[in-house]
Structure formats: C-alpha cells, structure tokens
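**Student:** I'll drop the sequence and a predicted model, then ask my questions.
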Amino acid sequence: MSFTDLTEVDEPRRKALKTAKVANLDKAYATAALKSNFATAFLSKSRSKDDSTGAEVYASPFRHVSLPGFIDDADFIDDLIAELQSLDMQDKNNDLYKFKQSVELKHVNTPCIKAFRNVLQGQVLPWLHDITAFPLNNKIDMFCSNYDYTDTLLCHDDELEERHIAFIYYLVPASWSKEDGGTLDLFDADDKGQPNSIVKSILPVQNQFVFFEVTPASFHQVSEVLTEEKTRLAISGWFHGPPIARPQPYTEPAIPISSCGGIEEMVFFDWINPVYISQEIQNDIRERFESESELELSDFLKDEKYEELVAAMQSDDRAWTHRGPPNKRNYDVCKAENLPAVAQTFAQILRSDAMFLLLSSMTGLQLHDNPAADAEGVANGSDAKGDTAKCRVEAQRFQHGSYTLLHDTDPHAGEMALDLVFFLGGAEWSMDCGGYISYVAKGEDDELLSVSPAPNSLALVYKDRETLRFTKHINHRVTKAKEPQYCTIAASYYENAD
Ligand SMILES: O=C(O)CCC(=O)C(=O)O
Ligand SMILES: [Fe+2]
C-alpha cells in the first residue's frame, strides 16, 4: 500500500494520516550550555558529554556526535516508523553494499516524513550550523534505508564535493543489540590516508541521531546485520555546503609482475588433467573462449594432485596474513615463500612457459612470443620462452567477511589481462553466500558475468580495459554452508606487458 492510496485504510487511521504532523527536536538540545560546550568541543576537536541527554561529541577517529532521545514524542516516532515501513524500497546491491533504499524522501509527503524533514530544515540545520560552524546551505539529502539479515555497507568515506555532514537517524526496534550486527563502524586512517582498522562501533538505538564530518578520511561501514528477525531501519543523508577541495586520492603501487619461468615437463604433465593436454580439446576450448571470453574448466588438475594441494592449503593457518585496506579489499593472502611446497610447485606451474603455451592455445591470446611455438608446443613438450608476456600470481583465502571492491584508483583497472582463478574447496557453494567473482563494465551497474567457486575448477576470463572485477562480500549464510571458505591461486596474464 502506498500513502497516496488511502482507500484501503480504515477511517480513523485515514484521518490520522491526513492530519499534518509536527515534530520537535528535544528541548534539552536547545539549552545554551549544551550548545556552547558542544561547539567548543567540536571546534577544538576534543570530547564533551552532556549528562542530561547522554549526548556526546567525539574527536576521534574523525569528529562525530551522538544525540540520543532526538525527537521528543514517542507517538510521532511510532507513526514515522509506520510510514517508512510502507514506502516502496529498492534493492541496492553491488560490490560495496546490499540493502534496501527508498526514493529521496523530499519526494514523499506523508505527514510524519514531511514533519521530520521540517525538523531537519527548521531546527536541526541551524543547530548543526551553531555547533560545527560549517558553512551549510539548505540542501539536505535524505533516504530511508532497511538492512535485513546479511545486508551490509562496506568501508567508504561518503565524500562527494558538497557533502559536509553525514547523518543517520536510527529507528531500529528497542531490542536491537550488539549480537544483531548492523553497527556503524568507524575506521582510523594510516599515514597514507587509507583506512586501517575499526576503532569504534556505534550500536544503532531507536531515536538516536548520529552525525559526522565528511572528510577524505571519514571511513565507516555498516557491519553485516546478523539478526533474521529484525530490520535495521534508519533515515540517513547529508547536509551540504560549498564544494570542498579534496586531495588526490591515494593510488597503491602496482604489484610487480614476473616473466614466465621454466618447469620440468614431467612436473607439468604430472599435474594437469590429460584431457586438457589434448590438442583437439584445446581447439574446442579456444572456440568457446573466443565467443564467450570466459571459461570454467572443471577437474583441471589430476585428482590426486588436487587433493594433495587442497589439504596442504587448508592445513596451515599461520601462513595467512590479512590483506587490506578495507576500502579496497579484505581477504587473506599467503606469500609465495610461505606456501606449502606442493602449492609452490603449482604456483611455479602457473608461471611456467608450458602454462603460457597452454593458455595461449586455449584462448587464442598471444601469451608467448615464439612464433615457432604453437599449441602443439605444449603437447610436444617444447620449451618455448615467452619474452614479453608476464603474469602475477597470488594465493588467497576467502571466508565470512571477505570481499574486494571496485575502486577508482586501482593501478590495474585499465589493464587488458587474462584472469585465471583456480579454486580450492568451495564445494556446493551457493551464490546467496556471496563470494562469487563479478565482472562489470566500467561505469555500469549490470554484471557481465560471474564466476562461483567450485573445487578443482579453473576459471579463465578475458578482461579488457573496460572490465572491472570484484568478489562479493561473503555473508553470514556461509557459516551454515558445507564448506565455509575457499582458497584460490589467482593469476593474471598480460599479453604485452611493458
Ligand atoms: O546507516 C548507517 O549507519 C550509515 C549509512 C551510511 O554510511 C551511508 O548511507 O553512507
Ligand atoms: Fe556512509
């Protein structure tokens, strides 16, 4: 039911809905002492607490303020919640988030939403101006958001040139607790201005208004909602002012790439499923790849090699280290030198000239330079050397909470590459858990294709300059899955790296 259609509503309710509502900021927030203490604390970047309201100003990791008991009327809050629950909500789902969002609330004119907007414009905006001394104008964006089980909004900074203050007004059920997830997590930043780790988690509380200054380092996230019963309902948005000059975003150094190396022929044939060594099969595969630009090769390794490899990769926990920063990625990696011996051999195979030849033959891409060497070079055990074709290999582990994000400053974003991902584990993986690799065209929301983990499966995707990839956040459903994690040995191959 929408509020423009009141015919399905019973008579008293209809009257109530049609009646204009008024809401007020709790009077305690208008006291001169509170305002002066908060303004001083905000300006000097120090802490201040108001005992009568429980409101607090914090300076770290970036300035933020919490105002509990924000609106003074419990009935109004109930009615506002009811109005918000009746709005049409759109699914928002990409690399960064999964939740539901309403239209911009300035287009909604139901009584409570209108009254809330009036409070923001008429009472909160001047109050914020007094506290922060920011040169705010009248522009306020606001949306309603719903986060249900497994929804999240990963680490981001909210920056957009005219945004000065971000706000969230929480309308969660009174019983919301830490176990329900959905905290607003704040990150500190390192010396490069990149987010480091969570230093504060704000539990949403009904009728609490939280705001923070938007800066290049105001990194925050909505942690995954873990309750299956409750919805994290909120109104959030931004107060605006004149454009702020922002520093150039930090670009990570490119990850070095290496030329192909040698491998003993025997080793190569010991590992690879003989099916894929057959010239005929390679030709079929190439035809498919040339029309689809992607392939998934099942049972890529001989069974016994795969079993040996998967056991070794899953056995040792000490070798894994976390790879961030959280505004770009969150998963575990294992350095080449720390890999178990059997995995080092496999990584060597992926970097080998024999592999370059096999991939060239399967994809039609020029991953080696020797004109005399062709697909049969592999079958014949030729040791042709590639001179300019290069690759990059990484051993990765993905589990609950892991993800990668698309970002503007990716030094590898514009590269043409053959992406190879070899999956270890991930039996009966369900896309509902996330963890699939999604390929999208730059600037577009629609997915071009996605690849899901499967044991002993090798995925090949040709990534042109306009293609970006991310791994979808692995959510709490995975904890109920047969295998709650998977590893990959991932490689990118470059045709003419310079
Ligand atoms: O809902 C929250 O706590 C934060 C929302 C947020 O960060 C955003 O919408 O950009
Ligand atoms: Fe945000």
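**Tutor:** Looks like it arrived, so ask away. Ligands and ions are numbered 1, 2, ... in the order given.
**Student:** in stretch 101-109, which residues are buried?
**Tutor:** Applying a neighbour-count criterion of 16 or more other C-beta atoms under 10 Å, one finds 101, 102, 105, 108 buried in stretch 101-109. Glycine gets a C-beta too; all of them are placed from N, C-alpha and C.
**Student:** verify the stated contact: the third one with residue 121.
**Tutor:** It stands for residue 105. No. Counting by C-beta atoms under 8 Å, residue 105 does not reach residue 121; the two are 11.9 Å apart.
**Student:** quick one: the strands in the stretch 201-350 of the chain?
**Tutor:** Counting by DSSP state E, counting those that start in this stretch, one finds strands in the stretch 201-350 of the chain at the ranges 208-213, 220-222, 232-240, 258-259, 294-297, 321-323, 329-334.
**Student:** rank those strands by pLDDT, which is bottom?
**Tutor:** For the strands of the stretch 201-350 of the chain, the weakest mean pLDDT is recorded on strand 258-259, namely a mean of 82.
**Student:** packing partners of the host helix or strand of residue 186?
**Tutor:** Using DSSP states H and E, residue 186 sits in strand 184-189. When contacts are defined as 3 or more C-beta pairs under 8 Å, 6 or more residues apart in numbering; DSSP states H and E, strand 184-189 packs onto strand 195-202, strand 220-222.
**Student:** output the longest one as CSV, nothing but the C-alphas.
**Tutor:** Coordinates of the C-alpha atoms in strand 195-202 are reproduced here as CSV (Å, rounded to 0.1, in the frame of the first residue of the first chain):
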residue,chain,number,x,y,z
PRO,A,195,41.5,3.1,6.4
ASN,A,196,43.3,0.9,8.9
SER,A,197,41.1,-0.8,11.5
ILE,A,198,37.8,-0.3,13.3
VAL,A,199,38.3,1.8,16.3
LYS,A,200,34.7,2.4,17.3
SER,A,201,31.4,0.7,16.7
ILE,A,202,28.2,2.6,17.3
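**Student:** which residue does the stretch 151-300 of the chain have closest to ligand 1?
**Tutor:** residue 184 (3.8 Å; C-beta to the nearest ligand atom).
**Student:** neighbours around residue 421, how many?
**Tutor:** 21 (other C-beta atoms under 10 Å).
**Student:** tell me the pLDDT of whichever residue of the stretch 251-400 of the chain sits closest to ligand 1.
**Tutor:** Residue nearest to ligand 1 within the stretch 251-400 of the chain (C-beta to the nearest ligand atom): residue 327, separated by 12.6 Å. With respect to pLDDT, residue 327 scores 97.
**Student:** now swap in residue 96 and tell me
**Tutor:** Looking at residue 96, the pLDDT reads 97.
**Student:** which residues touch it?
**Tutor:** Residues in contact with residue 96 (C-beta atoms under 8 Å, 6 or more residues apart in numbering) are 153, 154, 156, 405.
**Student:** let's go with 6 Å and repeat that
**Tutor:** Residue 96 makes contact with 154, 405, according to C-beta atoms under 6 Å, 6 or more residues apart in numbering.
**Student:** quick check: buried residues in stretch 48-61?
**Tutor:** 48, 50, 53, 55, 56, 57, 58, 61.
**Student:** quickly check the residues you listed for the two that are furthest apart.
**Tutor:** Distances among those were taken as C-beta to C-beta; the most separated pair is 53 and 61, at 23.3 Å.
**Student:** excluding chain neighbours, what is closest to the residue of the stretch 351-498 of the chain found nearest ligand 1?
**Tutor:** When scored by C-beta to the nearest ligand atom, the stretch 351-498 of the chain has residue 405 as its residue closest to ligand 1, at 14.3 Å. Among residues not flanking residue 405 along the chain, residue 95 sits closest, at 4.9 Å (C-beta to C-beta, 6 or more residues apart in numbering).
**Student:** same question, residue 224
**Tutor:** Using C-beta to C-beta, 6+ apart, the closest residue to residue 224 is residue 152 (4.3 Å).
**Student:** now do the phi/psi pair for that neighbour.
**Tutor:** phi -160, psi 160 (degrees, to the nearest 10).
**Student:** in strands, which of the buried residues of stretch 48-61 fall?
**Tutor:** Those of the buried residues of stretch 48-61 mapping onto strands are 48, 56, 57, 58, per DSSP state E.
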